[in-house]
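> 3D model of this:
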Amino acid sequence: MKKKVLMLKHINVEGGGTIEDYLLSNGWEIDRRELQDGGEIPLKLPYDAILILGGPMNVYEEDRYPFLRDEDRLIKDAIKKEIPTLGICLGAQLIAKAAGAKVTKNKIKEIGWYKVNLTEAGKKDPVFKGIGENFDVFQWHGDTFGIPEQGTLLTTAELCTNQALKVGKNIYGLQFHMEVTEDMIYKWIDTYDEELNSLKGVIDVEKIRKDTKAKFTPYKDRALTFCKNFFQDL
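Residues are numbered from 1 along each chain as shown. Modelled structure (predicted):
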């Protein structure tokens, strides 16, 4: 019997990328809910895992994006039932909020390639096994999450302190985009051009392109290692 994952997608350009490729190549069935196109959040959770992707909305914009309220309910249920869950960027912020932490504006927007460092807890956590104590990640966010009372900080960085968290034994949130493919990065540059234009002099788009060419192959290898660590034994 195939293992089944619920994938919550908030906007067309922010898909499952490398993580989705891993799941499909390893025989997982994906129940993909396209929330931006009216896809519904399930009331029941007959899944082996949940994947919550990124998006440009803020976690508190529930009146504008009603599905965020439904996601909050779903995440709280997943935490209670200990269903393995992975949130990326907005997904991580939603996990933190559902677990009782605040999501606020970060001091700067992180867009491009940055280093993150494992905390002592992160060094011991099985999802980061074989990835290294510090490594390059791709970022695209303006908000940051707090660490809830029952949460653990797993990775940190200079410009945004809280980069990965764990709630309970199997609910994880990554502020950075472990799922990105090279094509996704270039598509985001085109899609979010207004945001980038507003940050001229702060964010160097050509540097992002060059860094992507240089860093993507080892990044993809780390992403696949992370996927194996997270999904293989579920």
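> What pairs with the top strand by length along the chain, parallel or antiparallel?
In the chain, taking DSSP state E as the definition, the longest strand is strand 103-118. Take DSSP bridges as the rule and strand 103-118 pairs in its sheet with strand 134-145 (antiparallel), strand 151-156 (antiparallel).
> Could you dump these into a markdown table with distance to residue 191 and mean pLDDT added?
In this view, the C-beta of every residue, glycine as well, is placed from N, C-alpha and C. Below are the strands paired with strand 103-118 laid out as a markdown table (distance: least, C-beta to C-beta, whole Å; pLDDT from 0 to 100):
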| stretch | distance to residue 191 | mean pLDDT |
| --- | --- | --- |
| strand 134-145 | 11 | 98 |
| strand 151-156 | 27 | 98 |
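> And those: which comes nearest residue 85?
For the strands paired with strand 103-118, the distance to residue 85 is smallest for strand 151-156, at 12.8 Å, taking C-beta to C-beta.
> what's the closest one in contact with?
With contact meaning C-beta atoms under 8 Å, 6 or more residues apart in numbering, strand 151-156 is reached by 96, 99, 101, 116-119, 121-122, 125, 127-128, 147, 162-167, 172, 174.
> Using TSV, lay out the strands paired with strand 103-118 together with mean neighbour count and distance to residue 181.
Compiled in TSV, these are given as follows (neighbours: other C-beta atoms under 10 Å; distance: least, C-beta to C-beta, whole Å):
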stretch	mean neighbour count	distance to residue 181
strand 134-145	20	10
strand 151-156	20	21
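> These: which one's closest to residue 70?
Per C-beta to C-beta, nearest to residue 70 of these: strand 134-145, 19.4 Å.
> what helix or strand is residue 217 on?
helix 205-231 (DSSP states H and E).
> next one: residue 80
Element membership of residue 80, judged by DSSP H and E, is helix 67-81.
> roughly how far out does that helix sit from the chain middle?
Mean-position distance between helix 67-81 and its chain equals 16 Å (C-alpha atoms, centre = their mean, to the nearest Å).
> packing partners for that helix?
strand 49-52, strand 85-88, helix 90-98, strand 171-174 (3 or more C-beta pairs under 8 Å, 6 or more residues apart in numbering; DSSP states H and E).
> Tell me the gap between the last one and the middle of its chain.
Using C-alpha atoms, centre = their mean, the distance from the centre of strand 171-174 to the centre of the chain it belongs to is 7 Å.
> Then the second one?
Average the C-alpha atoms of strand 85-88, do the same for its chain, and the two points are 6 Å apart (C-alpha atoms, centre = their mean).
> Which neighbours in the sheet does that strand have, and how are they oriented?
Strand pairing (DSSP bridges) places strand 85-88 next to strand 49-52 (parallel), strand 171-174 (parallel).
> Switch those over to TSV; also include distance to residue 187 and mean neighbour count.
As requested, the strands paired with strand 85-88 are arranged in TSV below (distance: least, C-beta to C-beta, whole Å; neighbours: other C-beta atoms under 10 Å):
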stretch	distance to residue 187	mean neighbour count
strand 49-52	19	24
strand 171-174	20	25
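> So for stretch 196-208, first residue to last residue, what's the gap.
Chord length of stretch 196-208, first to last residue, is 11 Å (C-alpha to C-alpha, to the nearest Å).
> ok so residue 202 is a helix residue?
No: counting by DSSP: H, G, I helix; E, B strand; the rest coil, residue 202 is not part of a helix but coil.
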